[in-house]
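> got a sequence here, can you build the structure:
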Amino acid sequence: MKLSFALVAAFAASATAFSPAPVERASTAMNMDRRTAAGQIAAGAAVLAGVPSLALADGAKSASTRSRAKGIYGQRIAGLEAAVNAGDFGAVAAEKNAFILYNSGALTSKATKAQAVKETNAIFAAIRGKDAGALKSAYATYKASNGIELITADKETGQGYSNDYDFKARTKAGAIYVR
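Purely as a prediction, here's the structure:
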C-alpha cells in the first residue's frame, strides 16, 4: 500500500509539473499616467495633421491641363463677345468664374498671370461703373493679350477631338466626321 501511495504521489507530482500555469486575466485599465497619454495623443494628432497634405493636389500644370483650361474657360470668355458689344453687364458678370479659372489654369508665368488679373479687374471695374465703352476696350485688351478666340469645328474639314479629355469633347467645337 505504501508503494501504491508513493506511485500515485509521483504521478500526481509529475502531472502538476507539466500542467499549464493559471493565466492571469489582463487588466482592461490602461497602465499609463497622464503625461504618457498626453504624449501619445499629441503624437497621433501630429501624424493626422500631416495626412491631409498627402491628398492635396500638387498644382502641377502640364501642357494638357493648360490646354484644357484655355479651351474650356477661353471659349466661355470668347463667347461673351456679343454680350460685351450689346453692353450686357449681367452676362459678363455671370462668367466671372471663367475669368478666374482661366487666369489660374491657363497661364503659367507670374508676370502673365498678374497682367491678366489686372485686365480682369479692369473688366469688372467697368461692369461696376456701368461703362460699356470701358468694358469693350478692357475685354478687347484681355482677349488680345491672352490670345483668346472662338473655336469652331466643321465636320467637313476634319475631326474636332480625339479623346474624352480634349476640351472640345461634347461641345459644338468637337464635331467628329462619321462616315
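> for the protein, what helix or strand is lowest in average pLDDT?
Ranked by mean pLDDT, DSSP states H and E, the helix or strand of the chain with the weakest confidence is helix 52-55, at a mean of 58.
> next structured bit after it?
Sequence-wise, the next helix or strand downstream of helix 52-55 (DSSP states H and E) is helix 63-78.
> what does the next helix or strand after that next one contact?
Sequence-wise, the next helix or strand downstream of helix 63-78 (DSSP H and E) is helix 81-86. The contact list for helix 81-86 (Cβ atoms under 8 Å, 6 or more residues apart in numbering) reads 91-92, 135-136, 139, 150. Backbone N, C-alpha and C define where each C-beta goes, glycine included.
> my guess is residue 75 contacts residue 151, does it?
Yes: Residue 75 is within contact range of residue 151, at 6.4 Å (criterion: Cβ atoms under 8 Å).
> these two: which has the busier surroundings?
Taking other Cβ atoms under 10 Å, residue 75 and residue 151 do not tie; residue 75 has more neighbours (21 against 17).
> which residue ranges form the helices in the chain?
2-18, 34-50, 52-55, 63-78, 81-86, 89-94, 96-105, 110-128, 132-146 (DSSP state H).
> quick one on the thing from earlier: now the two most distant members of the contacts of helix 81-86.
For the contacts of helix 81-86, the farthest-apart pair by Cβ to Cβ is 135 and 150; their separation is 18.2 Å.
> higher neighbour count, the two?
Shown here are residue 135 and residue 150; by other Cβ under 10 Å, residue 135 has more neighbours (25 against 13).
> for the more buried one, what are its contacts?
Residue 135 is in contact with 84, 87, 89, 92, 123, 126-127, counting by Cβ under 8 Å, 6+ apart.
> just the buried residues from these, in ChimeraX please.
Per 16 or more other Cβ atoms under 10 Å, the buried members of those correspond to this ChimeraX selection:
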select :84,89,92,123,126,127
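> what's the most distant pair in the contacts of residue 135?
87 and 123 (13.1 Å).
> contacts for stretch 70-78, please.
Applying Cβ under 8 Å, 6+ apart, the contact partners of stretch 70-78 are 95, 98-99, 101-102, 105-106, 142-143, 146, 148-151, 166-168, 171, 173.
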